[in-house]
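>>> I'll drop the sequence and a predicted model, then ask my questions.
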Amino acid sequence: MSELEHRIQAMGDRARAAAEAVRLAPADVRSAALSAMAEALRNRASGILEANVRDIDRGRSNGMAEAQLDRLALTPARIAAMAAAVDEVAAFPDPLGVETARWTRPNGLDFARVRTPLGVLAIIYESRPNVTADAAALCLRSGNVAILRCGSDCLDSALAIHAAVVEGLAAAGLPADAVQLVDTPDRAAVGALLTGLGGTIDLLIPRGGKSLVARVQAEARVPVLGHLEGINHTYLHASADPDMATAVVVNAKMRRVSVCGSTETLLVDRAGAARLLPPVAEALIAAGCELRGDDEARALVPAMRPATQADWGHEFLAPILAVRVVGGLDEALDHIRRHGSGHTDAIVAEDAGVATAFLESVDSAIVLWNASTQFADGGEFGFGGEIGISTSRLHARGPVGAEQLTSYKYVVRGTGQTRP
């Protein structure tokens, strides 16, 4: 075992030792730690910004794309939002100990299903430093312990944020090992985490690009909570209101092009395309979006570039939108089935019957009617934040907040019953 592997294994051992203290910590103690963590983020804002400048400068010198730089960048407003999100998690109802079901059998045995922590979570993410605070807060709220491994692109920022996390833990008397951050950019650290560290890791959560998630899912020796690409669609039905369609699509694509909830393909009903597509396209182009359309779309909006087969099912994470004219709901559904990633898909329609059929038929983690796909965010769902959007079908699906980071146990109360 190499020196690095020994170091990562030691992190796993310390995490397992800390898990019992966190699991048994009263809800108000964990809430106090979260509140102290939020305050530490505010107090350390200048240092976090300085660290982020180093990451940004390094990324720019390495030729990082603008969309990736946007994901990496922190501002005073973003740090304030990060701290506010931790405060929101602190105020969120504690999920532990909640009875999700209770019943009594004819023999008098009383059964209850009660939420419990998952245990030790290893979270591997790339160039979004705010995940450091989000993951720490949600793990602590749900009574879990975390080992965080950020991308090398945001290591300085993550270390500065982690210092605030540790300060919050200490203020509430919780072990610093409850949230650990791998402090090396060495990619071998990821390989070590994928082994499960001798059984000390209970769940791996990858949050990043397709290659990261694919590697984790292929090599992990412990369960994985998957987060695939956000190949999201917005479908404009012929009944859509043009003003609403324009507002929703521009927001869905252009609010932040680098987030996983950004719309990547626009599908437009042929019966309403002449009425809907030109004003939507005009607004998108004015906002700086490059459009890539099929022949029918380009006939209505000649400014579009021709779309290629590779544009369908592609996560641009950039101000680029693929546009296709479809022959109604069934063709839209077929396109989403063939090219979507099961993340987030939306319909804009005034016809409630068509909208209901869309919501029932699209098998994605999040489906929306007359709303932007950028609402694919745990904070917007009222979860107080998220570790990611799960496209898995087991355990948790959609935004993964504190409640989704719990399992359960059965508590059975008797009065001396024996089984015949």
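Looks like it arrived, so ask away.
>>> the stretch 301-420 of the chain: helices as residue ranges?
For the stretch 301-420 of the chain, the helices defined by DSSP state H, counting those that start in this stretch occupy 329-339, 352-361.
>>> and the last one, how far out from the chain middle?
Put plainly, it is helix 352-361. 25 Å (Cα atoms, centre = their mean, to the nearest Å).
>>> list the helices and strands that helix packs on?
Where contact means 3 or more Cβ pairs under 8 Å, 6 or more residues apart in numbering; DSSP states H and E, helix 352-361 is packed against helix 329-339, strand 344-348, strand 366-369. Where you see a C-beta, it was placed from the backbone N, CA and C, and this is true even at glycine.
>>> let's go with 10 Å and repeat that
The contact analysis (3 or more Cβ pairs under 10 Å, 6 or more residues apart in numbering; DSSP states H and E) places helix 352-361 against strand 232-236, helix 329-339, strand 344-348, strand 366-369.
>>> ok, now the longest one?
Contacts defined by 3+ Cβ pairs under 10 Å, 6+ apart place helix 329-339 against strand 232-236, strand 263-269, strand 320-326, strand 344-348, helix 352-361.
>>> so where's the protein shaky on pLDDT?
Across the chain, nothing is flagged by pLDDT under 70.
>>> biggest helix in it by residues?
Longest helix in the chain by number of residues (criterion: DSSP state H): helix 3-24.
>>> now do the buried residues in the next helix or strand after it.
Toward the C-terminus, helix 3-24 is succeeded by helix 27-43 as the next helix or strand (DSSP states H and E). Buried residues in helix 27-43, counted by 16 or more other Cβ atoms under 10 Å: 29-42.
>>> same check on stretch 231-241?
Those would be 231-240, for stretch 231-241 by 16+ other Cβ under 10 Å.
>>> off-centre distance for the longest helix of the chain?
For helix 3-24, the distance to the chain centre is 25 Å (Cα atoms, centre = their mean).
>>> if you compare the directions of that helix and helix 27-43, what angle comes out?
130 degrees (axes from the mean of the first three to the mean of the last three Cα atoms, to 10 degrees).
>>> next, format the buried residues of stretch 231-241 as TSV and append distance to Ala10.
Below are the buried residues of stretch 231-241 laid out as TSV (distance: Cβ to Cβ, whole Å):
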residue	distance to Ala10
Ile231	39
Asn232	41
His233	45
Thr234	48
Tyr235	51
Leu236	55
His237	57
Ala238	61
Ser239	61
Ala240	57
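>>> could you export the buried residues of helix 27-43 as a markdown table, including distance to Trp369?
A markdown table is the format used below for the buried residues of helix 27-43 (distance: Cβ to Cβ, whole Å):
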| residue | distance to Trp369 |
| --- | --- |
| Val29 | 41 |
| Arg30 | 37 |
| Ser31 | 35 |
| Ala32 | 40 |
| Ala33 | 39 |
| Leu34 | 34 |
| Ser35 | 37 |
| Ala36 | 41 |
| Met37 | 37 |
| Ala38 | 34 |
| Glu39 | 39 |
| Ala40 | 41 |
| Leu41 | 36 |
| Arg42 | 38 |
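>>> closest one to Arg324 out of the residues you listed, please.
Leu41 (43.1 Å; Cβ to Cβ).
>>> thought that closest one was touching Glu167?
Yes. Contact criterion Cβ atoms under 10 Å: Leu41 and Glu167 qualify, at 9.1 Å.
>>> and the residue nearest to Cys150 when sequence neighbours are not counted, backbone torsions?
Spatial nearest neighbour of Cys150, excluding adjacent residues (Cβ to Cβ, 6 or more residues apart in numbering): Ala158 at 4.1 Å. Note on Ala158: its backbone torsions stand at phi -60, psi -40 [degrees, to the nearest 10].
>>> pull the number of nearby residues for the closest residue to Ser361 other than its chain neighbours.
Of all residues not flanking Ser361 in the chain, Leu333 sits nearest, at 5.3 Å (Cβ to Cβ, 6+ apart). A total of 21 residues lie near Leu333 under the criterion other Cβ atoms under 10 Å.
>>> ok so, going back, go ahead and confirm the residue nearest to Cys150 touches Asp134.
No. Counting by Cβ under 10 Å, Ala158 stays clear of Asp134, with 11.6 Å between them.
>>> overlap in contacts, the two.
Here Ala158 and Asp134 have 125, 128 as joint contacts, going by Cβ atoms under 10 Å, 6 or more residues apart in numbering.
>>> need the helices and strands packed on helix 352-361 in a markdown table with distance to Pro302, can you?
Below are these laid out as a markdown table (distance: least, Cβ to Cβ, whole Å):
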| stretch | distance to Pro302 |
| --- | --- |
| strand 232-236 | 19 |
| helix 329-339 | 23 |
| strand 344-348 | 24 |
| strand 366-369 | 30 |
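>>> so who does the residue nearest to Arg44 when sequence neighbours are not counted touch?
The shortest distance from Arg44 to any non-neighbouring residue, by Cβ to Cβ, 6+ apart, is to Ala164 (5.0 Å). Neighbouring residues of Ala164 by Cβ under 10 Å, 6+ apart: 36-45, 47-48, 79, 82-83, 86, 132-133, 136.
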